[in-house]
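Peer 1: sequence unknown, structure follows:
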């Protein structure tokens with residue numbers, strides 16, 4: 001059986017489905033054909049509607065996941081390119097502007113930058129960053145256009161596993 005068939009048949013497994021199935025069995029045993037027909041119709045219609053709604057919701061979630069992926073403007077081979085943040089490597093030069101999400105833990109090369117770190121630290125005030133300061137992945141640039149240096153791999157990012165959005169979803173926790 002393929003995945004769709006398994007998911008559809010799963011709609012007949014559960015407490016409410018079992019109750020309807022029990023009513024169907026009792027109706028058949030008691031010879032109440034009209035009750036049997038109505039309840040089996042309800043069960044089938046419920047399974048179809050539930051399956052279709054679940055498929056539609058899965059499509060919406062996938063579209064949102066693709067749309068919300070963090071990307072970065074990076075200097076590669078003397079050209080600026082937009083790439084997914086997961087493809088950044090140590091040594092990349094990244095360009096940010098107001099409204100951008102910092103795609104990885106990076107070091108500010110020149111100038112000043114104001115970033116909103118409230119999602120990471122809970123602080124309501126924007127943080128002003130100066131050259132050689134580290135900016136945490138997930139911060140939002142509020143003021144300034146600067147170039148940043150990716151100086152470590154993703155596993156060393158301070159907040160990385162707790163805010164990522166991608167095909168693999170959020171990290172699993174023991175809670």
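Peer 2: Nice, thanks for sending it over. As the structure is a computational prediction, the values presented were derived from the model and not from experiment.

Peer 1: all contacts plus neighbour counts: C-alpha atoms, from now on.
Peer 2: Noted.

Peer 1: Return the list of helices and strands in contact with the lengthiest helix in the chain.
Peer 2: For the chain, the helix that runs over the most residues, judged by DSSP state H, is helix 33-67. Secondary-structure packing of helix 33-67 (3 or more CA pairs under 8 Å, 6 or more residues apart in numbering; DSSP states H and E): helix 3-10, helix 15-30.

Peer 1: Please identify the deepest-packed of the ones you listed.
Peer 2: Mean neighbour count, computed with mean count of other CA atoms under 10 Å, is highest for helix 15-30 among the helices and strands packed on helix 33-67, reaching a mean of 14.

Peer 1: what's that helix packed up against?
Peer 2: Counting by 3+ CA pairs under 8 Å, 6+ apart, helix 15-30 packs on helix 33-67.

Peer 1: where in this structure is pLDDT low?
Peer 2: 151-175 (pLDDT under 70).

Peer 1: about what we covered before: which one of the helices and strands packed on helix 33-67 lies closest to residue 100?
Peer 2: helix 3-10 (38.6 Å; CA to CA).

Peer 1: how much space is there between residue 117 and residue 127?
Peer 2: According to CA to CA, to the nearest Å, residue 117 stands 7 Å off from residue 127.

Peer 1: So which of the two has more stuff around it?
Peer 2: residue 117 (21 against 17; other CA atoms under 10 Å).

Peer 1: who's in contact with the more buried one?
Peer 2: Listed by CA atoms under 8 Å, 6 or more residues apart in numbering, the contact set of residue 117 reads 123, 124, 126, 127, 136, 138, 139, 140.

Peer 1: Just give me the closest of those residues to residue 18.
Peer 2: Looking across those and measuring by CA to CA, the closest to residue 18 is residue 138, at 46.1 Å.

Peer 1: count of neighbours near residue 105?
Peer 2: 23.

Peer 1: looking at it, it is touching residue 150, isn't it?
Peer 2: Yes. Because the distance of 6.7 Å satisfies CA atoms under 8 Å, residue 105 is recorded as touching residue 150.

Peer 1: Compute the distance between the spatially closest residue to residue 114 that is not a sequence neighbour and residue 115, please.
Peer 2: Computed as CA to CA, 6 or more residues apart in numbering, the closest residue to residue 114 that is not its neighbour in sequence is residue 128, at 4.4 Å. Distance, residue 128 to residue 115, by CA to CA: 6 Å.

Peer 1: Compare the two and say which one has the larger neighbour count.
Peer 2: Neighbours of residue 128 and residue 115, each counted by other CA under 10 Å, are more numerous for residue 115; the result is 24 against 13.

Peer 1: Identify the residue nearest that one in space, chain neighbours excluded?
Peer 2: In space, residue 115 is closest to residue 141, 4.4 Å off (CA to CA, 6+ apart).
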